[in-house]
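In: Sequence below, structure please.
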Amino acid sequence: MGYDRIDSENCAVIGYGSWATAIVKTLTVNGRRVEWYVRNDRVLDSLRATGHNPKYLPYVGIDRSLIAPSNDLNAVVAASSAVVLAAPSAFLKDFLAPLSVPLAGKRVVSAVKGIIPGDYKTVVEYMCDQYSLPLSDMAVVTGPSHAEEVGIGRLSYLTVASTDSEGARAVGGMLANDYVRCNYSCDVLGVEYAAILKNVYAIAVGMAVGLGYGDNFLAVLIANCAREMAHYLERKLPASQRDTATSAYLGDLLVTCYSPLSRNRRLGNLIGRGCSVKSALNEMTMIAEGYYAADCIRRVGAVEAMAMPIADMVYDVLYSAAPARESMARLTAELI
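Out: Modelled structure (predicted):
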């Protein structure tokens, strides 16, 4: 692939949620023109008229001269050398359903921190299988990066992962600026699964907060989450040079578990305060990826015969109607 094309040509962004909006804002701040696939007519009209997304991050203004919002997926992809996937994992297949333009020869970047429901695959695994893409043409953008902060230019650190180091740096060059710093990794599936796991663990932390547990216990719980994550990655994806104490792993876990901006933490908090799972999901204004991730991690953990008491507890509450209070109480006996 000619990476000078990525540096000089348009970039496509698929999705119109908060993270997609923050990514588009960052790309345009860097002077890049963005072909933007938007399925919502209200959002589409507003972006064209005002440069604001009325549903997500409405306070973030985007230079209209640098965006081409469209509901024609094939036109958006055809006009771009790099394609950034930024739709919720639960809806990614629906977003991509109209696609008939080949992705071959394009850099496909996943900015999705979730699992494909029903397929039980990460986005990279799904895209490689479904669209016959070589792993070297894929990249992942991850790290502790709330869209609400990236969108307003607060200092954030992203990790770009690819098996092709030149490709990773080309993607990083699209995003890096005064407030976005980029690190690089070749642990593509490792950072993907870490991002999936941290959403599950944030639900557990939110439950604990809603149930009235204090800071001392939260510190113990999150430390055990980090330990469980490292154990999972080592068992499923052994890698001699992986450091799970870095920002793509531990950093993303910490911000998702501690921040009031975390939608997965909020879902857990609602359940801990007594909401049913169904009512808590209905109250959410944005997708909590951890809900779908819990099912996937449970299935994979069972196949691999892994001991994952925290992830198992979250699954039992979300999918088996286990009472949150009793489930958390039992978990406290297993933490160290």
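
In: Flag every buried residue along stretch 108-127.
Out: Across stretch 108-127, burial judged by 16 or more other Cβ atoms under 10 Å covers 108-117, 120-127. Yep, even glycine has a C-beta here, placed from its N, CA and C like the rest.

In: Now the element after the one helix or strand in the chain whose mean pLDDT sits lowest, going C-ward?
Out: Of all helical and strand segments in the chain, the minimum by mean pLDDT, DSSP states H and E falls on helix 3-8, at a mean of 52. Using DSSP states H and E, the helix or strand that follows helix 3-8 in sequence is strand 11-14.

In: Leaving out sequence neighbours, find the closest residue to R154.
Out: Y179 (6.4 Å; Cβ to Cβ, 6 or more residues apart in numbering).

In: Break down the stretch 101-250 of the chain into its helices, ranges please.
Out: Using DSSP state H, counting those that start in this stretch, the helices of the stretch 101-250 of the chain run over 123-131, 147-150, 165-175, 188-211, 215-236.

In: which strands and helices sit next to the second one?
Out: Of the remaining helices and strands, those touching helix 147-150 by 3 or more Cβ pairs under 8 Å, 6 or more residues apart in numbering; DSSP states H and E are helix 18-29.

In: export the helix it packs on as PDB, just CAs?
Out: Extracted C-alpha coordinates of helix 18-29, given in PDB (Å, rounded to 0.1, in the frame of the first residue of the first chain):
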ATOM      1  CA  SER A  18     -19.800  10.900  19.900                       C
ATOM      2  CA  TRP A  19     -16.600   9.100  19.100                       C
ATOM      3  CA  ALA A  20     -17.100   9.500  15.300                       C
ATOM      4  CA  THR A  21     -17.800  13.200  15.800                       C
ATOM      5  CA  ALA A  22     -14.600  13.600  17.900                       C
ATOM      6  CA  ILE A  23     -12.500  11.800  15.300                       C
ATOM      7  CA  VAL A  24     -13.900  14.000  12.500                       C
ATOM      8  CA  LYS A  25     -13.200  17.100  14.600                       C
ATOM      9  CA  THR A  26      -9.600  15.900  15.100                       C
ATOM     10  CA  LEU A  27      -9.100  15.100  11.400                       C
ATOM     11  CA  THR A  28     -10.400  18.500  10.300                       C
ATOM     12  CA  VAL A  29      -8.400  20.400  12.900                       C
END
